[in-house]
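**Q** no sequence for this one, just the structure:
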C-alpha cells in the first residue's frame, strides 16, 4: 500500500488587479497533479521556479488549501479532516523548509524548537522530553551543548539540522523536504544529504523531495516527477529519467545540467523561457519552446500516459 | 612568455581587524577564463570587487593588481573611472538590484555607451539595439522601452551582460552570473557568455560555487578557502586529480550528474568565519591529512600548478 497517494490535485490563487484590487482571475498553480509515494521511498518533484512544485508540496500537507483533488496519507483522507483532526494528523507528515533561518523562531532555543512538536502531540514531558530531544540532536549530529542556543548562534547547516530534528521529533511517516539543501554550502550540503539518507534507512520514512538541483536529485531520489507550469510532464525511476528522458522538457532540463564528470548528452539546446502562468499557452504548455512541436500541440493538451513499464510521459510526439 | 593580462600578487584585504583575503596571487592570460571557486565567506566576491576598485572605503587593500602592467591599487577615483567598464567590466549575481528600476533598458545601455565610448543620440540608440540583439533579446527595438520589472531574470541578466560588454572590456568579471537563474536559462547564459568571449577575445574571471559550471566555462581553476588560495591549475587537471585536500573534499561533496555511487564524501565541520580563522593552515580542523605542522605553519603556495598544502594528495601514477 502506498504511503501517500495524491489524485488530480488542483490549487489556484486569485489574481488581483486594478484600482480596487478586485479578483480578476485565478492562476492555476497546480493543475491536476497525481503522485504516489511508498514508505521508505524518495520521490523527487523537480522543475524550475514557478512550476508549482512547492505549492504542490504545501497543498499535500494542507498548509495551503487545494481547490480539489484527493490526498491520502497512511490511508487517511486528508481533505476530510477538520482543523482539530488535521492538527492531530500532523504527527504523521512533517515538512522541512529551504531557508532554515526563516523557519526557526529567533527567540526560541534549539531545544524549544525541537521539543515543541513533542509537547503539542503529548509524546513526552519532563526529564524524558530532554532525553528525547538529546537523542534527536544526536541523530542529526548536534550535541548537548547546542540545546540552549538560539538560531543566530548556529551556522546554516546546523540550523537545517535543527529543522530536520524538529520534523523528525514526532516520528513522521512522511517528510516533505522543500529544497532542504539549496541554501547550504556545498561541503555542508553533502553532510545533510548523507544525514537524510541515514535517517531514511533507519526509519523507513518516505521523502517527498522538492528540488531543482538535478545532481542532488539523481543521488538521493528513487523516482522523479518533472513539473512544468503546474502539471507533471514526466515521471519514472531516477536512472531511467536521467539517462533516457522522453518528454522534450525533461530532455531540455537534463541537457542544461552542468555535468561535472558525468556526461549530459546535448539532446536538446535550451531555448525560450517559462511562459507566464497567468496566461499559459494553449494545448501543451511547453509547445512554444519545444523543437518537436507539431500544429496539434497548440490545440490539444496531452494527458500523462504510460509509456513503458512504470514510466509516464505527457508527450504524444515522443511516445513510442 | 608573454605577460598576463591581469596579474594579482599578494593581495590582502582587511576590514578593520578582520582579514578577509590573505596574500592571494593569481593571473589571467589574454583570452583565458579563470574560474574562481569557493564557499561562502572564502573571499571570492571581495577579491573580485577589488579588481574594479569597488570595495568600500574602509577596506584596506595591500599587494598588487596589475592590468597589462598598469598598477591598479594606487589609482585615484578618476583613473579608476577610465579602467572600470572600459578595461574591466563586471556582471553581478542579482540582475534585479544591478539595474535601476526607473530607467528603461535602452537608457541603461545608452548611458554606458555615452560614458565609455562617447556615443550619443541616434548612434547610441542603434548601437544599444545591436547589443540587445547580440545578447539574444528578442524584438530588441521594442525591448528598448521596457523597464527591468517587465523582464524575466534571464532577460535582465542578458541586459547586464550587454551593458558590461558595451564598453568592450579586456576582462569581464562575472560574479555568480547564473546562480539566481533556472538551469535551462543558466545553460543559455553560459553559452552566450562563451560565444561572446570568443567573438570579442576577452578574458574572463568567472566566480562561482558550482564546480559543474566551472568545468563548462573555465580554462583554469583557482580554489579559495577561508581567504587564501588552496589550489590553482588547468581545470581538467584540478577536477580529475585534485591535490589539495579541500578541493578533493569539495569534489567528493558534489554528487555531480552521474549515477548514484554510495555516500557522498562530505567535509566534516563547517566553513570558519573571518573573525576566527584557525591558526596555521586554515583548513586543518576539517582535514583528515592534518599533522602537527598544519596547526602551526601556514603552507606556502608552490609555483604553478599552485598548491598550498603541507601534505598534498599524491599524484596518481
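**A** Thanks, I have the structure now. Everything quoted here is computed from the prediction, not taken from an experiment.

**Q** going forward, measure contacts and count neighbours with C-alpha atoms only.
**A** Fine.

**Q** quick one: contacts for residue B:83?
**A** Neighbour list for residue B:83: residue B:52 [criterion: C-alpha atoms under 8 Å, 6 or more residues apart in numbering or on different chains].

**Q** Setting aside sequence neighbours, what's the nearest residue to residue B:119?
**A** residue B:113 (5.5 Å; C-alpha to C-alpha, 6 or more residues apart in numbering or on different chains).

**Q** Please enumerate the strands of the stretch 51-200 of chain A.
**A** Using DSSP state E, counting those that start in this stretch, the strands of the stretch 51-200 of chain A run over A:68-73, A:76-77, A:93-96, A:174-178.

**Q** Packed most tightly, which of these would that be?
**A** With neighbours defined as mean count of other C-alpha atoms under 10 Å in any protein chain shown, the strands of the stretch 51-200 of chain A peak in mean count at strand A:174-178, which reaches a mean of 25.

**Q** angle of that one against strand A:68-73?
**A** 120 degrees (axes from the mean of the first three to the mean of the last three C-alpha atoms, to 10 degrees).

**Q** rounded to a whole number, what's the mean pLDDT of strand A:174-178?
**A** In this model, strand A:174-178 has an average pLDDT of 96.

**Q** rewinding a little: give me the neighbour count for the residue nearest to residue B:119.
**A** Neighbour count for residue B:113, taken as other C-alpha atoms under 10 Å in any protein chain shown: 23.

**Q** Quick one: residues contacting it.
**A** Counting by C-alpha under 8 Å, 6+ apart, residue B:113 touches B:119-120, B:124, B:128, B:166-167.

**Q** Centre-most residue in chain B?
**A** residue B:207 (2.7 Å; C-alpha atoms, centre = their mean).

**Q** Which of the three states applies to residue 236?
**A** Chain wasn't specified; assuming chain A. strand (DSSP: H, G, I helix; E, B strand; the rest coil).

**Q** actually chain B
**A** Going by three-state DSSP, the state assigned to residue B:236 is helix.

**Q** how about low-confidence regions in chain A?
**A** Where chain A drops to pLDDT under 70, the residues are A:1, A:260-268.

**Q** Find the closest residue to chain B in the stretch 1-150 of chain A.
**A** Scanning the stretch 1-150 of chain A for the residue nearest chain B gives residue A:48, at 5.8 Å (criterion: C-alpha to the nearest C-alpha).

**Q** Which residue is the nearest non-sequential neighbour of that residue?
**A** Counting by C-alpha to C-alpha, 6+ apart, residue B:182 is the residue found nearest to residue A:48 once chain neighbours are left out, at 5.8 Å.

**Q** Could you do residue A:246 as well?
**A** Distances taken as C-alpha to C-alpha, 6+ apart put residue A:318 closest to residue A:246, at 6.2 Å, once the chain neighbours are dropped.

**Q** For residue A:291, see how far away that neighbour is.
**A** 11 Å (C-alpha to C-alpha, to the nearest Å).

**Q** Find residues that contact each of these two.
**A** Residues touching both residue A:318 and residue A:291 by C-alpha under 8 Å, 6+ apart: residue A:248.

**Q** Give me the pLDDT value at the residue in the stretch 1-150 of chain B that chain A sits nearest to.
**A** Going by C-alpha to the nearest C-alpha, chain A is nearest to residue B:39 of the stretch 1-150 of chain B, at 5.9 Å. Here, the pLDDT recorded for residue B:39 equals 88.

**Q** And for residue B:317?
**A** 62.

**Q** Look at the residue nearest to residue B:55 when sequence neighbours are not counted and give its secondary structure.
**A** Among residues not flanking residue B:55 along the chain, residue B:49 sits closest, at 5.8 Å (C-alpha to C-alpha, 6+ apart). Classification of residue B:49 by three-state DSSP places it in helix.

**Q** Can you get me a residue count around residue B:49?
**A** 15.

**Q** ranges for the helices of the stretch 151-300 of chain B?
**A** With DSSP state H, counting those that start in this stretch as the criterion, the stretch 151-300 of chain B has helices at B:153-166, B:183-199, B:211-217, B:235-240, B:245-253, B:292-296.

**Q** tell me the mean pLDDT for the last one?
**A** The reference is to helix B:292-296. Helix B:292-296 comes out at a mean pLDDT of 97.

**Q** elements contacting whichever helix in chain A runs longest?
**A** Ordering each helix of chain A by length in residues (DSSP state H) puts helix A:186-203 first. Packing contacts for helix A:186-203, counted by 3 or more C-alpha pairs under 8 Å, 6 or more residues apart in numbering or on different chains; DSSP states H and E, involve helix A:156-168, helix B:245-253.

**Q** Now tell me what touches it from outside.
**A** Identification of contacts with helix A:186-203 by C-alpha under 8 Å, 6+ apart yields A:40, A:139-140, A:157, A:161, A:181-182, A:205-206, A:220, B:39, B:209, B:249-250, B:253-254, B:263-270.

**Q** quick one on the thing from earlier: tabulate the helices of the stretch 151-300 of chain B (CSV), appending distance to residue A:243.
**A** Output for those, formatted as CSV (distance: least, C-alpha to C-alpha, whole Å):
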stretch, distance to residue A:243
helix B:153-166, 27
helix B:183-199, 17
helix B:211-217, 18
helix B:235-240, 23
helix B:245-253, 22
helix B:292-296, 43
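
**Q** now, of these, which is deepest in the fold?
**A** For the helices of the stretch 151-300 of chain B, the highest mean count by mean count of other C-alpha under 10 Å goes to helix B:153-166, at a mean of 24.

**Q** Next, count neighbours for residue 131.
**A** Using chain A here. Per other C-alpha under 10 Å, the neighbour tally for residue A:131 reads 13.

**Q** my question was about chain B
**A** Residues near residue B:131, counting by other C-alpha under 10 Å: 21.

**Q** isn't it right next to residue B:168, touching?
**A** No: in this structure residue B:131 lies outside contact range of residue B:168 using C-alpha atoms under 8 Å: 11.3 Å.

**Q** ok, residue A:23 - how many residues close by?
**A** 12.

**Q** how far away is it from residue B:59?
**A** Residue A:23 sits 51 Å away from residue B:59, going by C-alpha to C-alpha.

**Q** what do you get for residue B:120?
**A** Going from residue B:120 to residue B:59 by C-alpha to C-alpha gives 36 Å.

**Q** Same question for residue A:96.
**A** Separation of residue A:96 from residue B:59 (C-alpha to C-alpha) stands at 39 Å.

**Q** Ok, residue B:68 next?
**A** From residue B:68 across to residue B:59, the span is 24 Å (C-alpha to C-alpha).

**Q** Next: residue A:316.
**A** As for residue A:316, its distance to residue B:59 is 60 Å (criterion: C-alpha to C-alpha).

**Q** Tell me which of those two has more neighbours.
**A** A direct count of neighbours by other C-alpha under 10 Å for residue A:316 and residue B:59 places residue B:59 higher, at 17 against 14.

**Q** Count the neighbours of the residue nearest to the more buried one when sequence neighbours are not counted for me.
**A** Spatial nearest neighbour of residue B:59, chain neighbours left out: residue B:15 (5.0 Å); criterion: C-alpha to C-alpha, 6+ apart. A count of nearby residues for residue B:15, using other C-alpha under 10 Å, gives 14.

**Q** contacting residues for residue B:15?
**A** B:58-60.

**Q** ditto for residue B:260
**A** So residue B:260 contacts A:218-220 (C-alpha under 8 Å, 6+ apart).

**Q** Would you list the phi and psi of the spatially most central residue of chain A?
**A** The residue lying closest to the centre of chain A (C-alpha atoms, centre = their mean) is residue A:210, at 2.6 Å. In terms of degrees, to the nearest 10, the main-chain angles of residue A:210 are phi -90, psi 120.

**Q** who's in contact with it?
**A** Contacts of residue A:210 by C-alpha under 8 Å, 6+ apart are A:44-46, A:53-54, A:57, A:176-179.

**Q** Distance check, residue B:170 against chain A.
**A** Applying C-alpha to the nearest C-alpha, to the nearest Å, the value for residue B:170 to chain A is 26 Å.

**Q** I'm done for today, thanks for sticking with me.
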